[in-house]
Structure formats: structure tokens, C-alpha cells
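Enquirer: this one's sequence-less:
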Ligand code: G3H
Ligand code: 13P
Ligand code: ZN
């Protein structure tokens, strides 16, 4: 029996828990578009990550999207995640939406919609265009009947090194990157509510072999095509938006890790341009993982006799919190926008 995110938490007057439910992704998007800021979509896998994200966003008064992957559901169990998120909502005042990250089947999307997620991603970007449309359409039809919105993806998140031939000049179609005209056709035919684009972005800690940059001209062209086609200020999504901080990689390496020297992320200046160009949702996971790992490694390296998990998880959680604070304040510019 699936556990529904029933976030209208019961509580007696005067108690510190609140009765406010999740905020709908649709509402967060429309405010972010109007306010020209981006929402951080941070991946949640366990309690410490969730606490770090929520505490930072609460202190910075930032609206936030919590995203849960299939792997997170397998690791933590959907019911634990639901209860953790209920706790987060009841102990904070900021708007919180819950999103399925990289849903790979209709069935998984349906499960999350039925559980009360406010948005789901159906990632059929590996399929040919028509098949991608068909799979997204099916999820959209179900989601829209159940008060949920859908993110689709067009193009492949392969990083910049694979598409050097497409830089500058016109935008070739049939490559890995999202083509502006195809984006319009895809949005129209699939009915998705937001679109994840491929503009040289990729997941993980080793995003670029050479120069670190996104194809921001293409991003501007995608946004303009959607606008010109009458789709309005259409929300775009940037996956793979971790900046892979060198100091975190250095800390991990210093305290017994081996991430090597060739870690590379998206420069924060590129994320800022992406935000100004209309990337309304910016996905960050790797940076959180690195902050958590760097914190744990340091404590255990310096205190090899330590075996109380709280002693290494608390400083690691603090590092994640400060990282999230930096993102929402200095990069995404959503700090202070929670109660607009
Ligand atoms: O894009 C993928 C996210 O970083 C989630 O990763 O599938 O290992 O949970 P995961
Ligand atoms: P990073 O690997 O850059 O953090 O990207 C996360 C992401 O896109 C989750 O969907
Ligand atoms: Zn992603």
C-alpha cells in the first residue's frame, strides 16, 4: 500500500509543527519565472542531507525543491523518505516541493504521483524523438489528471567534449545537444510542463575534459524559440549543475580519498547566465555528495578512534548546509524569495 505524502500535518494550536502542506511545483515555477531567480533542486538520500538543505533554505528564506531519484527510493525506502519530508515540512516555514528525479518508467512516475509528489521527471531522452514524446505524453496525461506537473528531457547529457563541432555557427540537429526548433515541437507534442536541456551539461564530478563551459548561446536560442512559438516564459531545467568545488575535491584527496586531479564542474558564472536566461530549476547533487564525503573523511582521518556516527555526520551535515546556503544566496538568487 503506497504511503501518500499527506502533509496537512495534524497539530494542536501552539505546537511548533505547522499544518502547511507542500507547495506545488507549478507555483514555485511561476514565482521563480516572475522573480527571475532559479530554484535549487537538491537530491535527498538520507536524513542528514535533507536537514542540511532545509536548514540552509530556512535560514536564507529560500523556496526549495527536494528531488528523489529511483536510487534514493531504493536506498532509503519511499516510506522513510516520505516521513523525513513530512518532518522537514512540519519543522520549517519555507515553500517546499517534492520532485521525482530521472523517472525512467511510467510506473515509477505513477507511483510518485500517487504518493503526492508535486512534480515528476520522465527521462526518455535516450529514446528517438517520437518515442520520447509518446512516453512523456502518457505520463503527462496521468499527471495532469492528478494535480502533478511533468519535466521531460530532450537531448543527451554528454558534456561539452562530445559536441565541440556544434559550438558557434548554426545549431545542427541530430547531435547530442537540444535543438531550439525541436524543443518547441517536443514541448507542444508531449505537453510537458518544463524541459531539461542538453547544452554541454552532464552528471557527476568529471564533466569536462578541456575547457569548462556550457553552450549558453544555444540555451538563449532554445528559450527564444519557445517564446516566439507562443509558449511564453517557459521553464527550462539545468541538470548536472554542480560546480564540483576544487577545495572539496582537495579535502577528499587530502584525507584518504582519491578523486584525482581531473574533477571539473560547471563554472558558477555559467550557472548565473543560465539562471538569467530562464533555467528555472537547477539540479545539484554531486556537490552535496562531495561536501558530505569531505566532512566525514576529515573527521575519521583526524580521529581514527572515532566510531560514533554523530561525530562525523554532524560536521559533514554542516558542510552540506553551508554549500546549499552559498548556492541559494550567491548563485541561484532565490534567497529571501520564500514569502514573495
Ligand atoms: O542525476 C542523477 C542524480 O545525481 C541522482 O543520482 O541516481 O545515483 O541517485 P542517483
Ligand atoms: P550533478 O551531478 O551535477 O550534481 O547533477 C545532478 C542532477 O542533474 C540530478 O538530476
Ligand atoms: Zn539529472
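Expert: Great, that's in hand. Source: prediction; values computed, not measured. Numbering: from 1, shown residues only. Ligands and ions are numbered 1, 2, ... in the order given.
Enquirer: show me where the stretch 51-200 of the chain has helices.
Expert: Taking DSSP state H, counting those that start in this stretch, the helices of the stretch 51-200 of the chain run over residues 70-76, 78-90, 106-115, 129-145, 180-190.
Enquirer: Buried residues in the shortest one, which are they?
Expert: By that I understand helix 70-76. Neighbour counts over helix 70-76 (16 or more other C-beta atoms under 10 Å) mark 70, 72-73, 76 as buried. C-beta coordinates here come from the backbone N, C-alpha and C atoms, glycine included.
Enquirer: Determine whether any part of stretch 116-129 lies close to ligand 2.
Expert: No - using C-beta under 6 Å from any ligand atom, stretch 116-129 never reaches ligand 2; the gap is at least 7.7 Å.
Enquirer: Between the two ends of that stretch, what distance do you get?
Expert: End-to-end distance for stretch 116-129: 29 Å, by C-alpha to C-alpha, to the nearest Å.
Enquirer: what number of residues lie near residue 338?
Expert: 21 (other C-beta atoms under 10 Å).
Enquirer: my guess is it meets residue 62, correct?
Expert: Yes - at 5.9 Å, residue 338 counts as touching residue 62 under the criterion of C-beta atoms under 8 Å.
Enquirer: Now do the shared contacts for the two.
Expert: With contacts defined as C-beta atoms under 8 Å, 6 or more residues apart in numbering, the residues shared by residue 338 and residue 62 are residue 94.
Enquirer: Which one, of the helices of the stretch 51-200 of the chain, ends up nearest to ligand 1?
Expert: helix 70-76 (3.4 Å; C-beta to the nearest ligand atom).
Enquirer: quick one, strands of this structure?
Expert: Under the criterion DSSP state E, the chain carries strands at the ranges 39-43, 64-69, 96-103, 119-122, 149-154, 194-197, 236-238, 279-284.
Enquirer: Check the buried residues of helix 70-76 one by one and keep those near ligand 1.
Expert: Okay, of the buried residues of helix 70-76 touching ligand 1 (C-beta under 6 Å from any ligand atom), that's residue 72.
Enquirer: Thank you kindly, that will do.
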